[in-house]
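Visitor: This is a predicted model, with the sequence first.
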Amino acid sequence: MLLRIEARDLPGTPGVVVAVQARAKPYAMLDPVPADAAEASWDLAVELFTNKRGERTLRGRHVQDGIGGRFVYLSWYRLGEDGGYAMYCRSKLMLFGIPQDVFEAGVASGRLLARFGLTDAKGNPVVARLLPPAVEWTAG
């Protein structure tokens, strides 16, 4: 199954990138995108499974599991003078925020899409739990 993430309204901060973080590997970045890009997108392979509580949810290389449920980290990194990156903040795309009807349609079609903005009211990177209505979830 495919989980596509489409972000818009990046903060435009020079020397900063945003990327999807691999599970339990803060510096394993998937497709870093400069914060001054017009938009960013990531395609994640996920699979449907039933957790210990009997709930149908998603798992995969880029899906984290923590207090509050499963999520995908969007991590922000600054480029250092040595050419390496240093993470300084993260956002959580919360998977429990997927409306049930959209989740079921996504399972049937094999594709879920999350769309949202990544700049807060002060012009900084969004550092929050990303849930509807800030996130628009669709299937297909």
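Guide: On my side now, so go ahead.

Visitor: When you work out contacts or count neighbours from here on, use the C-alpha atoms and nothing else.
Guide: Noted.

Visitor: now the strand or helix carrying Glu104, how far from the centre of its chain.
Guide: Of the helices and strands defined by DSSP states H and E, Glu104 is found in helix 100-109. Taking the mean of its C-alpha atoms, helix 100-109 sits 18 Å from the chain's own mean (Cα atoms, centre = their mean, to the nearest Å).

Visitor: Could you export that helix as CSV, CA atoms only?
Guide: Output of helix 100-109 as CSV, limited to C-alpha atoms (Å, rounded to 0.1, in the frame of the first residue of the first chain):
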residue,chain,number,x,y,z
GLN,A,100,-12.4,5.9,9.1
ASP,A,101,-14.2,6.1,5.8
VAL,A,102,-11.1,7.4,4.1
PHE,A,103,-8.9,4.8,5.7
GLU,A,104,-11.2,2.0,4.4
ALA,A,105,-11.3,3.5,0.9
GLY,A,106,-7.5,3.8,1.0
VAL,A,107,-7.2,0.1,2.0
ALA,A,108,-9.5,-0.8,-0.9
SER,A,109,-7.6,1.3,-3.4
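
Visitor: list the helices and strands that helix packs on?
Guide: Applying 3 or more Cα pairs under 8 Å, 6 or more residues apart in numbering; DSSP states H and E, we find helix 100-109 packed against strand 111-117, strand 136-139.

Visitor: which residues are in contact with it?
Guide: The contact list for helix 100-109 (Cα atoms under 8 Å, 6 or more residues apart in numbering) reads 1, 48, 112, 137-140.

Visitor: Tell me what the closest residue to Leu95 other than its chain neighbours is bridged to.
Guide: Nearest residue to Leu95 in three dimensions, chain neighbours excluded: Phe71, at 5.2 Å (Cα to Cα, 6 or more residues apart in numbering). With DSSP bridges as the criterion, Phe71 is bridged to Gln64, Met94.
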